[in-house]
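In: Dropping a prediction and its sequence here:
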Amino acid sequence: MAIESHTDPLTTEIAVEQAHVDRVYARLGDATRSAEQVASAGRSLFHSDRGSYVREEDGTGLYERDVFAFQAAKRLAVLDGEHEGLVFGRLDRTDGEVRYVGRIGVRDDDYEPLVIDWRAPAAEPFYRATPTLPMDVVRRRVLRCTGDRVVGIEDDLLDSENADGELVVIGEGALMAALSRARGHQMRDIVATIQGEQDEAIRAPYQGFTLISGGPGTGKTVVGLHRTAYLLYSNRRRFESGGVLVVGPSRVFLNYIERVLPSLGEESVTLRSIGSVPSDVLPVTGERPDDPATAAVKGSLRMQPLLKRLVLEPLTDQPLELRLVVQGQVLVLRAPALAGIRRDVLAHHKLNAGREAAEKALLNALWRSRPSEVDMERDEFDDLVTDLATFTMFGHAWWPTLSATTVLQRLADPALTRRLSQGVLSARDADLLSAGLTDLVALGPTVADGALLDELVHLLGPVPPSAEESETSLFLDADSEMSELVTTADRLSVQREVDPFDLPHRTYAHVLIDEAQDVTPMQWRMLRRRGASASWTIVGDPAQSSWPDADETDRALREIIGHAPVRRFRMSTNYRSPAEVFDLASRVVVKAFPDADLPTAVRSTGVEPLLAVTDDLSTGVVEHVRDLLREVAGTVGVICPPDRRTEIEADLLAADLEGADRLAVVTSTESKGLEYDGVLVVTPDDVVAQAPGGVRSLYVALTRPTQRLVTLDLGAPGRWRP
Ligand SMILES: Nc1ncnc2c1ncn2[C@@H]1O[C@H](COP(=O)(O)OP(=O)(O)OP(=O)(O)O)[C@@H](O)[C@H]1O
């Protein structure tokens, strides 16, 4: 149908862009069909180490453009058709050239670009050009698409002097439109509206350590994820074969961010919650929280010497002497001799790898202690002794293979813990630790236990597979698998042969740590094992930290960094919270932490936060949640102290609220990194009292809303108010 001249400029421009988008999808359809034929013929020859993935570099027998189109089509298949279009940007340049920018690159039959991948250097001006530095761009256009349909356009005129008189400019800017959109349960990519300072961090070279800091809502998480996609694009061979690990604070957080990388066309990344990082060496993962005081002990570097002592501590039910009969003569090794052998062997071997050496040392000691009546050659003596059932049984009992869980569980005994932790932990901390380990076997490890178990695997050496089986069945439950997202990279690592004498940690070529301010010193040690020769991106905001000893965690991080090159980026704009909400949150945090890095909120809604007081918490919560569900189109979060959660969940369930599928009840710790359109913070004073970070945890809660904030005090205005 011809476009009528009297249609409005938006309709006309949409039709123009739709025509180009149609060409792109048509090209992809054709290319996929022909490339699949070529690829399936060539697959047996060029099968890559990534399963069904034919590498761009491996296409020796395929025409380069076919491989290219095949890759593009494969990536297209993972895009979320309902939300995200393939093409999202257009640049009109001063020289008249038009470039389209998309989630992936697509070329036409003549290998001319129809769409440039957003990560390619040619797409850089899309993110960096400004009216003061237009980089030869006259107009930047953001296309809003639903699947393959163009539904909206937002333009920025960057160089009015060089603009052709016919150039149409539409909309008030894509960023504001994107920021005002209702939020769902999952984070979206921001590929169409990445801002200049964010782009610099995204495209920074991979080597060494890239540290990204900034206050709440400045896009640190989303920038980290886009950087991951950028690194995979720009160094695919290195990062796809070496693996990329993304670590976030919790399973809830992973669920929240899990769509972002696939929507950018990247799937070969391993996402793990901090509690599930050791799942490569342990059959269990930790998602349970500890109470803040116990978590502080478990996360501290003081645990390191304690665990070392624990590994050297003989088991209580170990035999005290070895006694056996050879040629009618009794040979005996008593406790001091056994202790000496144990010490010598452990000086050179990890416990689980030391059994053979221990047996040899026992044979040596027995040989030396034999009475003269024993008359035989050394070889004969060794054969005879090793065949004795007494000797074998002694070996099992005296030098058992130990799992990390079995060893850590010993610290649930307060007397042992107090003795072993002398000079390292106070008596109070030792008791907290013991109490915090009583449920280790019954309930599985806590998040903080994960790093302790990992340290123990490191100290003990892995349990050989045959010995592991009985341990494995202890905890495996449906839940434990959900704390990580299994990707191609994981599946490959599972297929790896296990060498019981080799440390089995999976290592990665790049590691991205989000919410790094909450990583404890013991967790940093655990992470370092996964990225010993990796490059790192570390994202965080100290003002949102739950960790009581900032110096200790800084030290642990500095130790990881060593002399590697460090690059720092600071994000300065808060894209999440309206100015009215962030103003309140900043006043709360600076009262306790005057050095907090406060960004500038980019958006204002004109609606002040509502600071409410109620005499009846149940009624108050239900009323305010009902109002919020009516006022915002997207999600509503109720952020409460841990001890009120069950009661609030029950009240909300009983109230049968309309729109409850948009509603979530979380603690401030769980709300880390998440956001909701409307937020109700219940009894902020209790949040301060019960959460590990005190006022900093309340600051996290107050900075979660994208639209509305309500706080609810019980009985009288709270002490938290600025
Ligand atoms: N350039 C952008 N365009 C559109 N949306 C953006 C942009 N940058 C950030 N956002 C949005 O701002 C919100 C906050 O981003 P993000 O969660 O990454 O911030 P953060 O710095 O990690 O926050 P916090 O420290 O509070 O967890 C998200 O909804 C994100 O999509």
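Out: Nice, I can see it.
In: mind checking the SS state of residue 678?
Out: Put simply, residue 678 is strand when judged by DSSP: H, G, I helix; E, B strand; the rest coil.
In: Contact partners for residue 430?
Out: 414, 417-418, 421 (C-beta atoms under 8 Å, 6 or more residues apart in numbering). All C-beta spots, glycine's among them, are computed from the backbone N, C-alpha and C.
In: Widest-spaced pair of these?
Out: Longest distance between any two of the contacts of residue 430 is 10.3 Å, between 414 and 421; criterion C-beta to C-beta.
In: mind listing the helices in the stretch 601-722 of the chain by residue range?
Out: For the stretch 601-722 of the chain, the helices defined by DSSP state H, counting those that start in this stretch occupy 617-631, 645-654, 684-690, 695-702.
In: hang on, the earlier thing: for the contacts of residue 430, could you give me CSV that also reports secondary structure?
Out: As requested, these are arranged in CSV below (three-state DSSP):
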residue, secondary structure
414, helix
417, helix
418, helix
421, coil
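In: Tell me the one of those residues nearest residue 285?
Out: Nearest to residue 285 among the contacts of residue 430 is residue 417, at 24.1 Å by C-beta to C-beta.
In: what's the neighbour count on the closest one?
Out: 23 (other C-beta atoms under 10 Å).
In: again with the one 3 residues further on
Out: In terms of burial, residue 420 registers 21 neighbours under the definition other C-beta under 10 Å.
In: do the same with residue 324
Out: 17.
In: and what of residue 595?
Out: The number of residues packed near residue 595 is 9, by other C-beta under 10 Å.
In: Check residue 665 too.
Out: 22.
In: ranking the helices of the stretch 601-722 of the chain by burial, who's on top?
Out: helix 695-702 (a mean of 27; mean count of other C-beta atoms under 10 Å).
In: To residue 371, which of the helices of the stretch 601-722 of the chain lies closest?
Out: Residue 371 sits nearest to helix 684-690 of all these, at 68.2 Å, using C-beta to C-beta.
In: Which strands or helices does that closest one pack on?
Out: Judged by 3 or more C-beta pairs under 8 Å, 6 or more residues apart in numbering; DSSP states H and E, helix 684-690 is in contact with strand 636-640, helix 695-702, strand 705-714.
In: same thing but 7 Å
Out: When contacts are defined as 3 or more C-beta pairs under 7 Å, 6 or more residues apart in numbering; DSSP states H and E, helix 684-690 packs onto helix 695-702.
In: Could you name the helices and strands sitting against the helix it packs on?
Out: helix 579-592, helix 684-690.
In: Dump the last one to CSV, restricted to CA.
Out: Only the C-alpha atoms of helix 684-690 are listed here, as CSV (Å, rounded to 0.1, in the frame of the first residue of the first chain):
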residue,chain,number,x,y,z
PRO,A,684,12.2,0.9,58.6
ASP,A,685,13.6,1.0,62.2
ASP,A,686,13.3,-2.8,62.3
VAL,A,687,15.0,-3.1,58.9
VAL,A,688,17.9,-1.1,60.4
ALA,A,689,18.0,-3.2,63.5
GLN,A,690,17.7,-6.6,61.8
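In: Can we start the residue count at 505 from this point?
Out: With the count now opening at 505, the last piece we talked about shows up as helix 1188-1194.
In: avg pLDDT for that helix?
Out: Average pLDDT, helix 1188-1194: 94.
In: what does it contact?
Out: For helix 1188-1194, contacts defined as C-beta atoms under 7 Å, 6 or more residues apart in numbering pick out 1145-1148, 1172, 1185, 1198-1199, 1201-1202, 1205, 1215, 1217, 1222-1224.
In: out of the residues you listed, which are buried?
Out: Listed as buried from the contacts of helix 1188-1194 are 1145-1146, 1148, 1172, 1185, 1198-1199, 1201-1202, 1205, 1215, 1217, 1222, 1224; burial here means 16 or more other C-beta atoms under 10 Å.
In: The ligand next: which of these are close?
Out: Checked against the ligand using C-beta under 6 Å from any ligand atom, the buried ones among the contacts of helix 1188-1194 yield no neighbours at all.
In: pLDDT added to these, as a markdown table?
Out: Formatted as a markdown table, the buried ones among the contacts of helix 1188-1194 follow (pLDDT from 0 to 100):
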| residue | pLDDT |
| --- | --- |
| 1145 | 95 |
| 1146 | 91 |
| 1148 | 95 |
| 1172 | 91 |
| 1185 | 98 |
| 1198 | 87 |
| 1199 | 92 |
| 1201 | 91 |
| 1202 | 96 |
| 1205 | 97 |
| 1215 | 97 |
| 1217 | 97 |
| 1222 | 95 |
| 1224 | 96 |
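In: which one of those is nearest the ligand?
Out: Nearest to the ligand among those: residue 1205, at 10.6 Å, using C-beta to the nearest ligand atom.
In: you'd agree the closest one is up against residue 1172?
Out: Yes: using C-beta atoms under 7 Å, residue 1205 is in contact with residue 1172, at 4.3 Å.
In: any shared contact partners between those two?
Out: In contact with both residue 1205 and residue 1172: 1143, 1191, using C-beta under 7 Å, 6+ apart.
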